[in-house]
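Novice: fold the following and give me the result.
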Amino acid sequence: MKAAFIALICVIFAKNINKIMGLFGLFSNKKKETLDKGLEKTKESVFGKLARAVAGKSTVDDDVLDDLEEVLITSDVGVETTVKIIRRIEERVARDKYVSTSELNRILREEIAILLSENHSDDLADWELPADHKPYVILVVGVNGVGKTTTIGKLAYQFKKAGKKVVLGAADTFRAAAVEQICIWGERVGVPVVKQQMGSDPASVAFDTLQSAKANGADVVLIDTAGRLHNKVNLMNELSKLRKIIDRETPDAAKETLLVLDATTGQNGLIQARQFKETAGLTGIILTKLDGTAKGGIVVAIAQELQVPVKFVGVGEGIDDLRPFDAGEFTKELF
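Specialist: Predicted coordinates:
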């Protein structure tokens, strides 16, 4: 009898393990090698440059720091952030009197982890979906071609897999294939999509999406938006209108405005992010195509210079290759 009871408990636990673990527990169980592979190009580039910078030297001196500065800038860490890192290492050298080149990787890892923690990019590993402010509304923004709709599909998949009730809003009513694309993702993941005709007012689509979510007790709402250049004033103002609709219709809901950036664009992505931050009130960044660049330092530049946390990174084309950003894991894999 006791054995049968234990067996029953095990079956129930196995069937509900995803819900029990919580959203980011599920995310973080993805194979560690996924991130390692995603950062492979950056890691090889940084390691190669660092090795050349310290070749034949035993201590960290001005020459090594000059070379390190070049390594960081060419890895898209950004001038401002690079200067801050170099200054902190100089302070360590002055304090400790002697710092060997063999310690450089460890020191870099520690300093970058500190910088990332300053904007709470290190707080996401144990994050869970807010339970007391439903629905959780995510407005996804960005320029054309960065992978917004695909990212929304992958997010929907992960939320659905975690046992959450998800609704998608097709508020990109300008691009011909956008509504069709998000509907395909809806069918693939098994979640409903709220849509209207091409050319409809995106704010109207957002309104209908939120009404549907509230009526059906949805946990998560993901709203797609038209791709827009960061310097197009009218389109950027439209995002402000969408945010007002969301605030009005779901005043007590937990809300996010996430900017999707293509990691391969480097410093241009930083320029985009600055403008979107001013107009759209960003709460986080999703960095896609990190596996396709040797300049993964853009993660550090965005987090530090904009003080906006990186929340997700795309490290592959698979549906599971979108993962929450973990600062500790990122720096460990990079250095």
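Novice: lowest-pLDDT helix or strand in the chain?
Specialist: helix 17-21 (a mean of 37; mean pLDDT, DSSP states H and E).
Novice: residue 242 and residue 325, how far apart?
Specialist: 25 Å (C-beta to C-beta, to the nearest Å). (Each C-beta comes from the backbone N, C-alpha and C, glycine too.)
Novice: could you chop the protein up by domain?
Specialist: Dividing the chain into domains by automatic domain parsing, as the record does, gives the ranges 37-117, 136-326.
Novice: deepest-packed of those, please.
Specialist: domain 136-326 (a mean of 20; mean count of other C-beta atoms under 10 Å).
Novice: average pLDDT for it?
Specialist: Summarised as a single mean, pLDDT over domain 136-326 is 86.
Novice: what is the end-to-end distance of that domain?
Specialist: 21 Å (C-alpha to C-alpha, to the nearest Å).
Novice: same question, stretch 92-100
Specialist: One end of stretch 92-100 sits 11 Å from the other (C-alpha to C-alpha).
Novice: chain center to it: distance?
Specialist: A distance of 35 Å separates the C-alpha centroid of stretch 92-100 from that of its chain, computed with C-alpha atoms, centre = their mean, to the nearest Å.
Novice: one more: stretch 66-77?
Specialist: With C-alpha atoms, centre = their mean as the basis, the mean position of stretch 66-77 lies at 23 Å from the chain mean.
Novice: next one: stretch 242-262
Specialist: In this view, stretch 242-262 has its centroid 16 Å away from the chain centroid, taken as C-alpha atoms, centre = their mean.
Novice: ok, which stretches of the stretch 1-150 of the chain are helices?
Specialist: With DSSP state H, counting those that start in this stretch as the criterion, the stretch 1-150 of the chain has helices at 2-15, 17-21, 23-28, 32-38, 40-54, 62-74, 79-96, 104-117, 148-161.
Novice: compare those helices and say which comes out lowest on pLDDT.
Specialist: Among the helices of the stretch 1-150 of the chain, helix 17-21 carries the lowest mean pLDDT (a mean of 37).
Novice: can you redo the domains of the chain as JSON lines with distance to residue 332?
Specialist: Output for the domains of the chain, formatted as JSON lines (distance: least, C-beta to C-beta, whole Å):
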{"stretch": "domain 37-117", "distance to residue 332": "7"}
{"stretch": "domain 136-326", "distance to residue 332": "9"}
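Novice: residue 129: which of the ones you listed is closest?
Specialist: Residue 129 lies closest, by C-beta to C-beta, to one member of these: domain 136-326, at 5.8 Å.
Novice: run the chain-centre distance for the closest one.
Specialist: Distance, stretch centre to chain centre, for domain 136-326: 10 Å (C-alpha atoms, centre = their mean).
Novice: tell me where the stretch 151-300 of the chain has helices.
Specialist: Secondary structure of the stretch 151-300 of the chain (DSSP H, counting those that start in this stretch): helices located at 178-189, 202-215, 233-249, 267-280, 298-306.
Novice: distance to residue 156 added to the ones you listed, as a markdown table?
Specialist: Formatted as a markdown table, these follow (distance: least, C-beta to C-beta, whole Å):
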| stretch | distance to residue 156 |
| --- | --- |
| helix 178-189 | 5 |
| helix 202-215 | 13 |
| helix 233-249 | 18 |
| helix 267-280 | 21 |
| helix 298-306 | 24 |
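Novice: residue 288 - nearest residue in space that isn't next to it in sequence?
Specialist: residue 314 (3.8 Å; C-beta to C-beta, 6 or more residues apart in numbering).
Novice: quick one: the one you found and residue 155 touch, right?
Specialist: No. Between residue 314 and residue 155 there is no contact, the gap being 10.6 Å when judged by C-beta atoms under 8 Å.
Novice: overlap in contacts, those two.
Specialist: Common neighbours of residue 314 and residue 155 (criterion: C-beta atoms under 8 Å, 6 or more residues apart in numbering): residue 322.
Novice: surely residue 298 touches residue 267?
Specialist: Yes. Using C-beta under 8 Å, residue 298 makes contact with residue 267 at a distance of 7.4 Å.
Novice: residues that sit against both of these two, list them.
Specialist: 76, 78.
Novice: could I get the CA-only coordinates of stretch 173-193 as CSV?
Specialist: Taking Å, rounded to 0.1, in the frame of the first residue of the first chain, the C-alpha atoms of stretch 173-193 are listed here in CSV:
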residue,chain,number,x,y,z
THR,A,173,-0.3,45.7,-38.9
PHE,A,174,2.1,47.3,-41.3
ARG,A,175,4.3,44.4,-42.5
ALA,A,176,2.5,42.2,-44.9
ALA,A,177,3.7,38.8,-43.5
ALA,A,178,3.8,39.8,-39.8
VAL,A,179,0.3,38.7,-38.9
GLU,A,180,0.6,35.5,-40.8
GLN,A,181,4.0,34.8,-39.1
ILE,A,182,2.7,35.3,-35.6
CYS,A,183,-0.4,33.2,-36.4
ILE,A,184,2.0,30.4,-37.5
TRP,A,185,3.8,30.7,-34.2
GLY,A,186,0.5,30.6,-32.3
GLU,A,187,-0.5,27.4,-34.0
ARG,A,188,2.9,25.9,-33.5
VAL,A,189,2.9,26.7,-29.8
GLY,A,190,-0.8,26.2,-29.2
VAL,A,191,-1.8,29.6,-28.0
PRO,A,192,-4.5,32.0,-29.3
VAL,A,193,-3.6,35.1,-31.4
